[in-house]
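*Asks:* A structural model of the following input is requested.
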Amino acid sequence: MRAALAGLCGGNRASYKADMRARIEGSEAGAAAPRMVLVELLTVAVLAAAFLVMFRARPGYVDLLLAVVAVGFIVAGLGRSRRLWDLHRPDAPGETRLLHASAASAAFTLVALAGLFAAAFIAAPGDGAAVSDRLSNPRIVGAFLLYLPWALLQQFVFQFYLLGRLLVLLPVSGAVAITALAFSLVHFPRVPVMVVTLVAGAAWALIYRRYRVLLPLAVSHALLGSALHYWVFGRDLLANWLGVR
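*Replies:* Numbers count the residues shown, from 1 in each chain. Below is the predicted model of the structure:
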């Protein structure tokens, strides 16, 4: 697990990285990509900002519809996205990316869950009974299972699409920071959620940039999202989504 975390910002694969750098500098895609990507991302940013301002209070299905439209847009340019990622991928051929990504995601998730567990005691009103009810609600399992596809969808949008394009324009630190900020801003105006998603978004972006595997990030996202709502906010997601009591 320690080795997986240590490799998030790179590794000692100098020869492989040198080969990839030569491909970037010598390819037409590498030369033309920044200008095209900048125009594309500015267009998306303007449209997204207009949507968030116009629909500050919106039902969940509106977010779902927006995400489906975004995924359709991304799938239309799937081949180009893959080529952009191939220009700056840090992993070496044959690396066990799923295992390392899972280890890094698990480490972050455990630390984050510990923080949410502690926050539950601060956020819950009254005596310890309220905390116990929040932490022991069995519906969190069902909420996690329903949350997982939604989490995978979001990770696909922000990591595969957005982060991949930002890395064409910016160094790793800047691309990760903007990806995390964008992920936080789509949760506007829920400030507590925005703070949590800013931190989590940065961690997930670092992991994806290093290993390019989405599923462990989606599992982490669904676990932490469910825990945040049940433990800290005392909100029954399953009841809200399915209309049950």
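*Asks:* can you tell me how far the residue nearest in space to the middle of the chain sits from residue 129?
*Replies:* With distances taken as CA atoms, centre = their mean, the residue of the chain nearest its centroid is residue 155 (4.3 Å). From residue 155 across to residue 129, the span is 36 Å (CB to CB, to the nearest Å). No exception for glycine: its C-beta is placed from N, CA and C like everyone else's.
*Asks:* Could you list the low-pLDDT ranges of this structure?
*Replies:* Within the chain, the segments meeting pLDDT under 70 span 1-33, 51-63, 87-95, 127, 244-245.
*Asks:* My guess is residue 101 contacts residue 218. True?
*Replies:* No: counting by CB atoms under 8 Å, residue 101 does not reach residue 218; the two are 11.1 Å apart.
*Asks:* mind listing the helices for this structure?
*Replies:* Here the chain has its helices, by DSSP state H, at 2-6, 14-26, 28-54, 60-76, 78-87, 97-123, 128-135, 139-155, 164-169, 172-185, 191-211, 215-227, 237-242.
*Asks:* Need the residues that contact the fourth one.
*Replies:* What it means is helix 60-76. 51, 55, 81, 150, 153-154, 156-157, 160-161, 186, 240-241 (CB atoms under 8 Å, 6 or more residues apart in numbering).
*Asks:* Please pick the buried ones from those residues.
*Replies:* Burial of these was assessed by neighbour count (16 or more other CB atoms under 10 Å); the buried members are 81, 150, 153, 154, 156, 157, 160, 161, 186.
*Asks:* How many residues are close by the nearest residue to residue 158 once chain neighbours are set aside?
*Replies:* Nearest residue to residue 158 in three dimensions, chain neighbours excluded: residue 183, at 5.1 Å (CB to CB, 6 or more residues apart in numbering). Per other CB atoms under 10 Å, the neighbour tally for residue 183 reads 25.
*Asks:* Quick one: residues contacting residue 183.
*Replies:* Neighbours of residue 183 in contact, by CB under 8 Å, 6+ apart: 154, 158, 197, 198, 200, 201.
*Asks:* And residue 135, how far from residue 117?
*Replies:* Residue 135 is 7 Å from residue 117, by CB to CB.
*Asks:* err, residue 206, not the other one
*Replies:* The value you get for residue 206 to residue 117, if CB to CB is used, is 23 Å.
*Asks:* so what's the backbone phi/psi at residue 234?
*Replies:* phi 70, psi 30 (degrees, to the nearest 10).
*Asks:* Please apply the same query to residue 124.
*Replies:* According to degrees, to the nearest 10, residue 124 has phi -70, psi 130.
*Asks:* Let me know whether it touches residue 117 as I believe.
*Replies:* No: using CB under 8 Å as the test, residue 124 is too far from residue 117 to be in contact (11.4 Å).
*Asks:* who's more crowded, those two?
*Replies:* Under the criterion of other CB under 10 Å, the comparison of residue 124 against residue 117 puts residue 124 first, with 20 against 14.
*Asks:* any idea how far that one lies from residue 35?
*Replies:* 52 Å.
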